[in-house]
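In: Using only what follows, build the 3D model:
(chains A, B, C and D)
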Number of protein chains: 2
Amino acid sequence: MAQSRRPTLADVASRVGVSAKTVSRVLNEDGPVSDATRAKVLAAVDELGFRPNLMARNMRVGARDSTVALVVPEMGNPFFGTVAGGVEDVVRDRGLTLLMGSSAEDEQSELSLITAFLARRISGLLVVPATGAHHRYLRRERDGGLPVVFLDRPAAGLAADAVVSENEEGARAGVAHLIAHGHRRVAFVGDRPATLYTRKMRQRGYRAALSAAGIPYDPTLVASAHDPYTAGVAVRRLLDSPSPPTAVFCGNNFASLGVVPALAEAGRRDVALVCFDDLPLAAVLEPGLTVVAQDPAAIGRAAAERVLARLGGDRSAARTVMVPVRVIERGSGELAPPD
Amino acid sequence: MAQSRRPTLADVASRVGVSAKTVSRVLNEDGPVSDATRAKVLAAVDELGFRPNLMARNMRVGARDSTVALVVPEMGNPFFGTVAGGVEDVVRDRGLTLLMGSSAEDEQSELSLITAFLARRISGLLVVPATGAHHRYLRRERDGGLPVVFLDRPAAGLAADAVVSENEEGARAGVAHLIAHGHRRVAFVGDRPATLYTRKMRQRGYRAALSAAGIPYDPTLVASAHDPYTAGVAVRRLLDSPSPPTAVFCGNNFASLGVVPALAEAGRRDVALVCFDDLPLAAVLEPGLTVVAQDPAAIGRAAAERVLARLGGDRSAARTVMVPVRVIERGSGELAPPD
DNA sequence: TTGACTTATGTCAACGTTGACATCGACAGG
DNA sequence: CCTGTCGATGTCAACGTTGACATAAGTCAA
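Out: As a prediction, the model looks like this:
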C-alpha cells in the first residue's frame, strides 16, 4: 500500500553496486558490459519491477516520442475504427505506437486534443477534421517537420497531405448506375450539414451523373440527414411528394440505416436504392443492397504511409491521395422503374 | 526547411527579456505577473509558436501523464470502437486523454503495447485481454497504485477490476426464449477458440437453459467460428445433419454475419435464430433478427469509472462489474418449430 | 617492456520544466 | 522612519535518462 515511488535507473544501479550508466547500457544494449554485470543488472531490474521512463529518455535524447496520433470525429463509427486499424497496421511495423482520440465533431475538442498531442511531442499527426474546424495553427508544426496528414476530408486553411475517397466519382458512378437502369427521377439523401466535404463532393457527383444523362437537377429531390431517424423521415416525405422519385441515392451510412428501414416499412421494395458505404448484412436484405463501397482500411494505410514518407524526409509539395471506391451490385440498384 | 529546434521556455524568455520561470508563471497562471509582462510573454509565445513540453513538465513534477490507455484486440471491430467511445466520454470530463492501441489478439503485441504505455507513465490502464494472454506482470503496477481495469474479459493471473457483459445470463435468456417457443433442438455457434472467456460463459448459459428445460446437452449441436465464412459453413453442416436443429443460437457478431446469410441462401427462413450482439440493419431483415444486445458504450463507461474511482483513492478489493444485456424480439427468435 | 588498443566501467552535464527560496522595491501602519 | 507585507521577478536544483569524455585494467604486437 506504500504507493512507493517507481524505481529508477539509479535504484537498480545502487542495488547492484554499479553506476546508473551501466544499467542504461545493459537495457539499451549499448556499449560493452560484462556478462556477470549484465546478469546481475537484469535480475535487479526484475526484482524491482523497473520500467524505463520514456519521457525522461525522449527528453534527454531530444527525440520526438515514437507515437503517431489520430484524431477522429467519433470513436463509435465503425468507418473510423476501420481507418484506425489501417493506420495501425502500417505504423506498428515501424515500431510506432498509435494514439487515438475523438473530437466528437467539435472544433474546440479537436483543438484541445491536438494541443495535448503536440505537447507530447508526437512524431506524426493524422486528423479527420471536425466540421467547421480550420487548421491554420498547424502551419508551424508542419513547417517544423512534423508530418501532418488529413483523412476523409481535406484540411481547411492549410496546405497539407490528405487522403480521401473518390467521393465525387463514386457518387457519379452510383447515380449513373441507377440512370442506366432506366431511372429519371433519382433522389439524393446527403449528409448534414450540407457544407460537409464528403457531402458536397458526393452531391457534385450526383449532379454530374444527371447532367451527363441530360436530366435536369431538381432540388426538391435532395434531402439531408446525419442520423437514421431524420433520414427515414426525409425519404418518406420524398416518396409522398406529388412526383416521387423512382430511385434513391443515399449519401452516407447513417442515412442508409434510416432509408433502408423506411423503404421496407413503407412496403416500397420497388424503389431502387444505391448507398454510399457498405454495411454488414447488406447482402442479406431483400433485395440485396447495392452500394458504392469505400475502403476505410486503405485510407488509413495510405495516410500512415504519407506520414512515414514525410518522416523519411520527403519534402515534396502536399498532395491529395484519392482512394478508389467500387460499386457492388446486389439487387436494389438494378431494379427498373415502374413503366 | 530549417527543421529548427522547437522553441523552449528559455527561448521565449530571452526574447522578452525575462526569466524562464516568469514565462512558466504566465502559462500556468501561477504566481503574480504584471499585466505588461504577461502581454509581452503571450505575444512572444505566439510569435515563436511555443508549445509546452509535457514530457519535461511531467518529469519535473513527478506526475504521471494525464493519459488513460486502452488496449483492444481489434480496432476495426465496431464493438470495441463503441467501448472506446464510452471510455472517452468519461475520461474526457476529467481532463484525461485517451490513448488506444490494438493487440491484434496477439499476446506478444499486447505485451509490447502495454509496455510502451507503461513507459509513458500513463495514469490508468484499460485492457481487453488478447486470447491466451496473462497479466501477472501487471501486479507491481497495480500495487504501485496504477488503476488497471479489464474489459469484456477478465484478467488471467491477476486480481483486478473487470467490467463484463452478463454473458452467461444473456445466453441463457436467449436460449430459454427459443425453448419457450417450442424448440428442443437448439444449435450453438460459438466463438473460437472455445477457451475464450465470452465463448465459455455463453456456452454455459446455453447449457443452463437446456438443463432448466430438461433437454439433454448434445455436443453435435455445437460449433465454433470466429469469422463469417466458417460460421456459414458450420451452420450449413448442422442443418444437413441427420437430426438437424430447429433453432440456432449464435454466440457472437462475426458468427452472426455468417449464419444469417447462410440461412437465407439455404432458403431456411423457418429456422429460428437468436444472436448475441446487435447488428445494424438487424431490424430490416425478413424476419427481423432477434438478438441479445450488449451495451458496449456502457461497458466502456463503467470501466472508465472504475479507473477514476481508483485514481480517486479507492483501495477496496478488486471487483467485477456485470453490465446487463437485453433480449430484443424482432421475429427470428419467435418462429415456432415445424410440427 | 612499452605503447597502442580494447574492454568494462564511472563521472558529469544537459534535455525543458517547475518547486523552493531569495531578492528587491513599493507601500501601509505604527 | 522603521518594520512588515505584498507584488513581481530571479536563481538554482532536481526530475530520470543518456551522450561525451575520462579512467582503469587487461591484451598484444613490436
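
In: any idea which helix or strand carries the residue in the stretch 51-200 of chain A positioned nearest to DNA strand C?
Out: Residue of the stretch 51-200 of chain A nearest DNA strand C, by CB to the nearest atom of the strand: residue A:60 (3.4 Å). For glycine as for every other residue, the C-beta is placed from the backbone atoms N, C-alpha and C. Using DSSP states H and E, residue A:60 sits within helix A:54-61.

In: Tell me how chain A divides into domains.
Out: A:9-52, A:67-165+A:296-323, A:167-294 (automatic domain parsing).

In: which SS state does the residue lying closest to residue A:147 once chain neighbours are set aside fall under?
Out: Among residues not flanking residue A:147 along the chain, residue A:310 sits closest, at 3.5 Å (CB to CB, 6 or more residues apart in numbering or on different chains). Under DSSP: H, G, I helix; E, B strand; the rest coil, residue A:310 falls in the helix class.

In: how about stretch A:179-186: buried residues?
Out: Going by neighbour count (16 or more other CB atoms under 10 Å in any protein chain shown), the buried part of stretch A:179-186 is A:179, A:181, A:183, A:185, A:186.

In: for the third one, phi and psi?
Out: According to degrees, to the nearest 10, the main-chain angles of residue A:183 amount to phi -80, psi 140.

In: Just the local confidence number for it, please.
Out: Residue A:183 carries a pLDDT score of 98 in this model.

In: same question, the last one
Out: According to the model's per-residue confidence, residue A:186 sits at a pLDDT of 98.

In: Which pLDDT value belongs to the residue nearest to it when sequence neighbours are not counted?
Out: Spatially, and ignoring its direct neighbours in sequence, residue A:186 is nearest to residue A:247 (4.6 Å; CB to CB, 6+ apart). pLDDT recorded at residue A:247 is 98.

In: doesn't residue A:189 make contact with residue A:247?
Out: No. At 11.4 Å, residue A:247 does not count as touching residue A:189 under the criterion of CB atoms under 8 Å.

In: Which residue of the two possesses the greater neighbour count?
Out: Set residue A:247 next to residue A:189 and count neighbours by other CB atoms under 10 Å in any protein chain shown: residue A:189 wins out with 29 against 25.

In: Okay, and the more buried one sits in which element?
Out: With DSSP H and E as criterion, residue A:189 is part of strand A:186-190.

In: now do residue A:98
Out: Per DSSP H and E: strand A:97-102 holds residue A:98.

In: how far away is the residue nearest to residue A:147 from DNA strand D?
Out: 24 Å (CB to the nearest atom of the strand, to the nearest Å).

In: residues contacting the closest residue to residue A:277 other than its chain neighbours?
Out: Excluding the flanking residues, the one nearest residue A:277 by CB to CB, 6+ apart is residue A:253, at 3.9 Å. Applying CB atoms under 8 Å, 6 or more residues apart in numbering or on different chains to residue A:253 gives the contacts A:79, A:275, A:276, A:277, A:279.

In: contacting residues for the residue in the stretch 201-339 of chain A that DNA strand D sits nearest to?
Out: Going by CB to the nearest atom of the strand, DNA strand D is nearest to residue A:311 of the stretch 201-339 of chain A, at 19.0 Å. Residue A:311 sits next to A:123, A:124, A:147 when contact means CB under 8 Å, 6+ apart.

In: quick one: which helix or strand includes residue A:204?
Out: helix A:197-212.

In: How about residue A:70?
Out: strand A:67-72.

In: elements contacting that strand?
Out: helix A:78-92, strand A:97-102, helix A:107-119, strand A:124-127 (3 or more CB pairs under 8 Å, 6 or more residues apart in numbering or on different chains; DSSP states H and E).

In: Pipe these into TSV and attach distance to chain B, mean neighbour count and mean pLDDT per row.
Out: Shown next, in TSV, are the helices and strands packed on strand A:67-72 (distance: least, CB to the nearest CB, whole Å; neighbours: other CB atoms under 10 Å in any protein chain shown; pLDDT from 0 to 100):
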stretch	distance to chain B	mean neighbour count	mean pLDDT
helix A:78-92	4	25	93
strand A:97-102	4	26	90
helix A:107-119	4	18	95
strand A:124-127	12	27	98
